[in-house]
Each structure stands twice: as structure tokens, then as C-alpha cells.
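A.B. asks: Here's a sequence, model it:
(3 chains)
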Amino acid sequence: MFQVRIHGRGGQGVVTAAEILSVAAFDEGRHAQAFPSFGSERTGAPVVSFCRFDDRVIRTREPVMEPDAVIIQDVTLIHQVDLFSGLSPDGYVLINTSNSFSDLGFGDFFDQYHTERLMTCPATDIALEHLGRPLPNAALLGGFAALTGEIAWDSIDKAVREHFAGPVGERNAAAVRAAFDYVASKVKEVARASTN
Amino acid sequence: MLRQIEGSKAIAETVALCRPEVVCAYPISPQTHIIEAVGAMVKAGTLAPCEFINVESEFAAMSVAIGASATGARAYTATASQGLLFMMEAVYNAAGLGLPIVMTLANRAIGAPINIWNDHSDAMAVRDSGWIQLFAETNQEASDLHVQAFRLAEELSVPVMVCVDGFILTHAVEGVDLLDQSFVDSFLPPYEPRQMLDTKAPVSIGAMVGPEAFEEVRYLAHLRQLDALERIPEIAREFFESTGRESGGLVRPYRTEDAETVVVAMGSVLGTIKDAVDARRDLGERVGVLGVTSFRPFPSDAVRDALAHARQVVVIEKAFSIGAGGVLSTDIAIAIHHEQTLLRTVVAGLGGRAITQRSLEKVLDHASRDELAALTFLDLDQGAVDRERARMHATRRSGPSAENLLRDRSAVSPRAHA
Amino acid sequence: MTSQRVHFYQVGSFAVGNRLLDEDERTVQAHSDRTNSIDSGHRACQGCGEALGARYALDAAMRATNGQIVAVNATGCLEVFSTPYPETSWRIPWLHSLFGNAPAVATGVAAALRAKGQKDVRVVAQAGDGGTVDIGFGCLSGMFERNDDVLFICYDNEGYMNTGVQRSAATPPAARTATTEAVGPEPGNTFGQGKDLPRIAMAHNIPYVATATVADLHDLERKVERAMEFRGARYLHILVPCPLGWGSASAETILIARLAQESGMFPVFEAEHGVVTSVSHIRRPVPVEQYLSRQRRFAHLFGANPRPDIVAHLQSMAEENIARYGLLQPEMERSS
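C.D. replies: Reported below is the predicted structural model:
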């Protein structure tokens, strides 16, 4: 089972992101479950959603407390919310920011983690470029695919087009591709750096 | 067709396949997505003929359903929590009149303090109303149960409430194999009312009944629920034979054959419990699970049979009767009525508190060592309770407890990591 | 089911009153082959205004729809006295659900008929003033707002008579009820702002709103027939004196209803789409004292310790009604 927790703010499509990710996993023939943190939060409030997928039937209904990956849609949540609770040292982190991971001021918090699994991606910039709106959720899923390899890029692409019909789907799919390429190249970069 | 779909949408699409003729809706979280989706289908004309009525309250929603059902229409509505309480008088009335309305209950806690999250307090509040109450374990079952519910309701002239855990199921996106129209049409014949408002054969429905016959009317309602005890498994079997899916029925045992300890529960928490039980089985403990699908009518015989060999029964309940204890536990106790069985109640998941596998395993661990108290509140913050008790003891004007607890909590546990 | 031979056991024949009038002036009830929604044998009190009003209203509705009506009834006197177990007086399909939900139940009936394509069958909902202006008010406003195809009839006897004469929001100021006793410096019901349901109904802009009394049954029948010409939400508010609750003589129900109208205490009018289209003019104006003094619920205003100040207050309310609706005959207004 692979478990993902997505943090963001109300209005950024946090719940939609988990749903699309689950559909992508479903399209790959896996069992998948996505659900929100069930809040009554309004626009702008911190929001959490969850997605888990597995090759076996998923029975559990508990929230994702030990995620394999955490996606942060809003960088301003750092130091506001316990974003990395339960994340194992083998876990993945993808943060929506144009800064680099090391610039985010985590100190020695991630010392025990794999550097190539900790990434940032300027998903809002990518979304603004492709959608004209600051909705980073779909783009981050492209980045997630590149970072973890758990879900194929084309499954995300298909799920995004299913969710957003017509031209909006096209534009979101373009953002997914751009973020995927961005993160994929950064992963390669880090891998090259660590082998050198 | 198997689709990755939100629970509410799967329920709405299944309800539409049942061809309801009148749907009335008043919004309340977490039921909203269901009625929104049904409303959209009526508006688009894909669900027709159907009247979708936006009413001004839940009381009106159930009342509209009563009028529609009494006029021979297949009537549906959905609600939750405060909404169910607000319509309570009409809930009893629908059952008393014997009108086969089907209602989805997106289970949610009841305030005060106001709380939109899941537990079973709402369903328990109307357990004596005369409605059949079926609890869904998954969204697949939640969807399937609606078809069975209409069939059952209309056969017996009894309203049926399909209880679906709010948010946990209604807002979860997961794989659901949706039925097709031809199957539903064959499984669910057109509604043929036992009584209806018909100008060609006028009847008075809802007349006053005094002491000379009231008991008989109530007893007849009880007999119809006993009939349901027969029909619920038969309908589930017929459904299984056509679909291959084990949706519905009275109870669902899991690894109980040789189990010394059996956990009893209702609804979506059964999934997490099964994971916990498997983990304990791997450690060599003989534990099993009994899911109760039909809460009303209560399947006493089926429960007794399933628990016959258990030394210890642990009932995990998302509700409790304040000042008494478990609600489901009481029914289980009456059903098993042998003194040698240890009956333990664990109240869990109130107001949406997550029921984790870790906590459940702790319960099973305690149970295995006979250390489980007769009544336990899972993951209770005893310190916070004690501090509030102390405040109440110290000063008369101690203020509202709910707010005090929140303040206490934020003072004790700073919420963010640095 | 549209009509039936009715045997009037009081006179042992099929004959009934009004026979000295011309055929077209007779009430529905005067015809031996009249429609019959509610049968004899119900348990209403002597002189019950509600029983009379309901029979005329529903018979008129039956005639207007060729018998194709369904009635929904709120809890209350009418429901209780018409369906004493194991009997029923209703000869039309009739449903009683609860006290406060008759408008919504009627909406459900109308929706079901619509879904089933039964356009010829019409729905009438009925309630007393408690079931209309108090506990049923939310459902009624919702039904009006949606403009559901329901004629809602309020039989207004100005209090909770079924439970033993308690105050409702339709109880007039100063009236004694079991919860507004005639004691203290301000005896009886307090002077509030009132809850004028006909005007509230008009504010919903529904197609048809009318008031009537059992003193003018021709007018009542005509208004029911007019109401049935419209589709959508319609409201008919009928003043029905209650001898028990008002402390009036059983034989004076019609007289008291007439005095309510002639004194201006109860304006009789009709309105379409929120605009008043006609009023029943006062033929012989009377001071409110004549209306009040015949009812024991106002007895504390007269007698040994009279309260002319309160009577004057009620008179001013009647005059406001007269002015608002122009209730005086035009020539009388000129002469006054």
C-alpha cells in the first residue's frame, strides 16, 4: 500500500488532487481510496486530503497517519501545520514553491531523509502559465509521478482529462506534463550529483 | 460498471436507477453531495419522470415524501444528524403510516457541541421509530443497499433508512461497481402501494386510533419488521446470485469460526477492524468480527448463532446512551443472554474521531488479557476530562465545558511543529 | 364519487333548505344530488363553524374538479372529529399526517400526481389557525414560495380549540383563552402585532388569496370555485366561530361570523397575484361591541368592571381594517 497526504488551503483543489490521484491509480488497475480531512473549512483555511492505493482491496478507513509521500500545495503552511507527521525516513516530499528545498529553513529536520526524495516544484507558476489561474493541484500530481514513480505520468494525464473536460482538461494536462518534466529533470540532477 | 467514484455520487446514481418519482431535498452536511447529484439528474432530464422538490426544512422533506408516498409515488430523501432530529416527528409518522419511503442517512454526530463529523448518534436516536435501518460497510454496499431498500420497503410497506457513514463513506472516492438499469428494473418491480390516495377508491389515511386498537397497530408494525428479518437475507441472496456481491443481509461474520473474542460493529469501521483482526490473527490470537448490517429489525437469532462460541464479545459503537452505556451492546446482550460470555463495550469514533488500527489493536490486546473494562471510551483524553472536572469543582461559573476543553487542548498541545 | 343521494335524517327525506330560492341561487348543499366530501355522523360540537366551513369548501372543491380532489388535513379539531376510530366521515381520499406539515404533505401529493401525469386530480390542504399561522407556518411559506399546486384552507377559529382553547397567533387581543386568562390589569390576550396570514400569503405573490366566513356560504363556495381555476399555490382563510372556545351560543355561529365581518374585525376580500381584486362590503356597520359582547371570551370587557378602553382599542383595529380594504359601501363612505 502506498499512502499520500496532501496539504493545502481551501480553494486550491486539495480534495480534487487526491481524487484525481486515486482515479489514476484505479486506471492502472489498482485499488484506490481518496478522501478529504472532512473539515468545514472555508477558502484559505488549511485543508488535508488523503489517497492510498494498493494491489489488494483497501479496507481501512483511518486517515493517513504514516504517509509514504506528502504533497504540500501551499508553502505558507510550513511552520503552521504539522505537515510531516508520521512521514517515514524513506518518504517523499513535494512542495509547491519556486525556492529550492534547502532554502525552506527546515534546518536538520530532514537529515535522515533521502535527498532525492525531497523536491520542490514551482507548480503555481506552471499553473499560471498553462491555466492562467493559480491552481497548482494537477501540476503537482505530475511532479508526484516524476518524484515517486508510483503512478505513471500518462495515468495522471488521463485522470486529469477525465476530471476537467475540454480545453480546461487540455491546459491542466499541459501543466501536469510541465511539472512532470521539471521534477524528472531535477531528480536526474540530484542523482547525478550524488553519484559524482 | 466499475468506476472510481465518490460515495455520494455512487449512491445518487443508484438511487436514480431505482426510478424515484418524488425526491425532496434539504441540504445538510455530509448528505449534500447525494441530493445535489440526484437534483442534477432530474434537472437534466436523465431522471424522469421525477419531481425534485427543494424544501424549506428537513421536516418538510419527510412530509413531502409522506404525501408523495401516500399518493403511490416512489419517494426518496436523504438527511443527517440535526436534520434527522428536525424531521423526527415525520420520521415516526412515515413508519406509523406504513409508507415505503427510502432515506439515506449520512451518519453524523448530534450537537451540542455542533459537530459535522461522523458517528452513529443520529441513527440511534430513531431506532425505535419503526424504520428498517441498514448499515453500509463500503460505498459498494451503500449503493447496492439502496436497490434492496426500495425492494424491501415496498414489499413490506415499511420505510427503510440506509445508514452510510458521513464523510468516511459519503466523501470517499473509491471503486464502486454500479448496477445497470436493466438489472435494477428486473430486481425492483414498479411500486404497487398497499394503500393510496385515489379518487376512484377513496380511503382515509392517518385517522385517529384510540386505546382500543393502538397496540394492535403497533404490533402489526413489529410483525412487519419480523417479516423483514426473513426478507432481508432472501433479498441479499437474490442480489448475490445476480451480481456476485455480498451486499446487505442481516449480519456478516469474519473469521469467527474458532474465535474466542469477537468484535461487533456497524458500518465503515468494520474495514479497519478487519485489518486489526488480521494483524492479531498473525500473532496467533483467535479473534473475529461480526458486522451487523441490519440494526432494525435486530437479528437476534443470527447474532446469537454467530456469537455462540465466543468467550468474549467486544462491541465497538459510534454512539452511546448517555447515563447508561452502549446502545448496540444492549441489543447484543439481550440476543446472547448467556452469563458466561464477557460483554465489553468500546465507545469509539464520536464526532469523527479517527478510529485507528493501532488503537483497535490495543483494545484487542487488552481483551486478550481480560483487561478490557465493561465500558471503555477509545482514545479518551482522561487528563483533559479531569482538568475540566477540577475547574467545575473549583468554581461555580466554570463556563461552557466544550469551549474549556478546546482551550485546555490548545494550551497543552501546541499544534504545529517548528 | 362526484355526487350521491344524501339522506337528511333530520327531516327523513332527501329535501334540504334553500328550496324557496331560484335554482341558480341555491347552495351546493341545497341539491339533493350534491357532492358530499364529508358525511354526516362526525363528532363536531353543535354549531361548529369549522364543520360547516369544511363541508361547504370541500363540496365546492369537489364540484369544481368533478370530484377529482385529494384532501390533506393537519392535526386539529377537524381531523379528530371527522375520523373517530373506526369510522371516517370523508368520502374523498384523505390523509392526515401531522400538526405542522399539512402544506408539505400536500406538496408531496401534488408532486406525486404530477410525476404520474394525473393533471385532473387536485389537492386541497386544510388546517386550523394553529396548524396554519403557528406550527405549520414554515411549511406553508415554503409551499407558497415554490408555488406548488395546492389550495390551502385555514379554518380560523382563533385558538387551539382541539387541545382546550389555548391562545394561537390568530387569537385576537383581549380574548380570554386557557393560556391568556381574564385576570390582572390587562386581562385576556395581549395586544401584539398580529399575524395577518392572508396578507402574508399575498406577500408571496401567489395566484389567489381570499378570506371568507361561514356567514356567507355563497361567497365561500364562489371563492373555492375561483381558487380552483388557478394552478399554483392558493390560500383561503375562513373565519369559523367556535361556540365552545368563544363562549357563544351554538345557534349564533352564523350571526357571530356575520358580526365579525360587519364590524370590520374580519375583513372579507380576495386578491390575485398579491393585489386585492374585490372586497365584501359591510352592509350594516356595527360597532365591535356588538360582536364582542355575544362571546364569553370577551365577557371581562363588559359587565360589572367594564373596560371601554380595551373595547376602544379593538374598535380602532376594526377601523384600520375598514380603511385598509375600503370595506364600507362607497355611498356610505360618502355619507359618513
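
A.B. asks: neighbours around the nearest residue to B:Leu342 once chain neighbours are set aside, how many?
C.D. replies: Nearest non-adjacent residue to B:Leu342, counting by CB to CB, 6 or more residues apart in numbering or on different chains: B:Gln312, 4.2 Å away. C-betas here are computed from N, CA, C, even on glycine. When counting by other CB atoms under 10 Å in any protein chain shown, one arrives at 19 neighbours for B:Gln312.

A.B. asks: how close does B:Gln312 sit to B:Ile336?
C.D. replies: According to CB to CB, to the nearest Å, B:Gln312 and B:Ile336 sit 11 Å apart.

A.B. asks: so what sits against both of these two?
C.D. replies: When contacts are counted by CB atoms under 8 Å, 6 or more residues apart in numbering or on different chains, B:Gln312 and B:Ile336 are jointly contacted by B:Leu343.

A.B. asks: Name the residues of chain A found near chain B, please.
C.D. replies: Contact residues, chain A versus chain B (CB under 8 Å from any CB of the partner chain): A:18-19, A:22-23, A:26-27, A:31-36, A:38, A:40, A:58-63, A:65, A:79-85.

A.B. asks: give me that answer again for 7 Å
C.D. replies: Residues of chain A lying near chain B by CB under 7 Å from any CB of the partner chain: A:19, A:22-23, A:26, A:31-36, A:38, A:40, A:59-63, A:65, A:79-82.

A.B. asks: Could you pull up the contacting residues of the most centrally placed residue in chain A?
C.D. replies: Nearest to the geometric centre of chain A sits A:Ile71, at 3.8 Å (CA atoms, centre = their mean). Counting by CB atoms under 7 Å, 6 or more residues apart in numbering or on different chains, A:Ile71 touches A:4, A:6, A:94, A:140, A:144.

A.B. asks: In contact with the first one, which residues?
C.D. replies: With contacts defined as CB under 7 Å, 6+ apart, A:Val4 is in contact with A:21, A:50-51, A:64, A:67-69, A:71.

A.B. asks: Kindly report the same for the fourth one.
C.D. replies: Taking CB under 7 Å, 6+ apart as the contact definition, A:Leu140 lies against A:17, A:71, A:73, A:94, A:96, A:121, A:123, A:179.

A.B. asks: gap between the top helix by length along chain B and the chain center?
C.D. replies: In chain B, taking DSSP state H as the definition, the longest helix is helix B:214-243. Mean-position distance between helix B:214-243 and its chain equals 17 Å (CA atoms, centre = their mean, to the nearest Å).

A.B. asks: Can you spell out which helices and strands pack onto the next helix or strand after it?
C.D. replies: For helix B:214-243, the following helix or strand on the C-terminal side (DSSP states H and E) is strand B:251-254. Judged by 3 or more CB pairs under 7 Å, 6 or more residues apart in numbering or on different chains; DSSP states H and E, strand B:251-254 is in contact with strand B:287-292, helix B:300-306.

A.B. asks: Among these, which comes closest to B:Val164?
C.D. replies: Comparison of the helices and strands packed on strand B:251-254 against B:Val164 by CB to CB identifies strand B:287-292 as nearest, at 14.3 Å.

A.B. asks: Could you list the residues in contact with the following helix or strand past the closest one?
C.D. replies: Heading C-terminal from strand B:287-292, the first helix or strand you meet, by DSSP H and E, is strand B:294-296. The contact list for strand B:294-296 (CB under 7 Å, 6+ apart) reads B:127, B:131-135, B:225, B:232, B:250, B:266.

A.B. asks: Check which strands are paired with strand B:294-296 and give the direction for each one.
C.D. replies: strand B:132-135 (antiparallel) (DSSP bridges).

A.B. asks: I'd like to know how many residues surround residue 151.
C.D. replies: Went with chain A since none was named. 25.

A.B. asks: wait, chain C
C.D. replies: 26.

A.B. asks: and if you look at A:Gly142?
C.D. replies: A count of nearby residues for A:Gly142, using other CB under 10 Å, gives 30.
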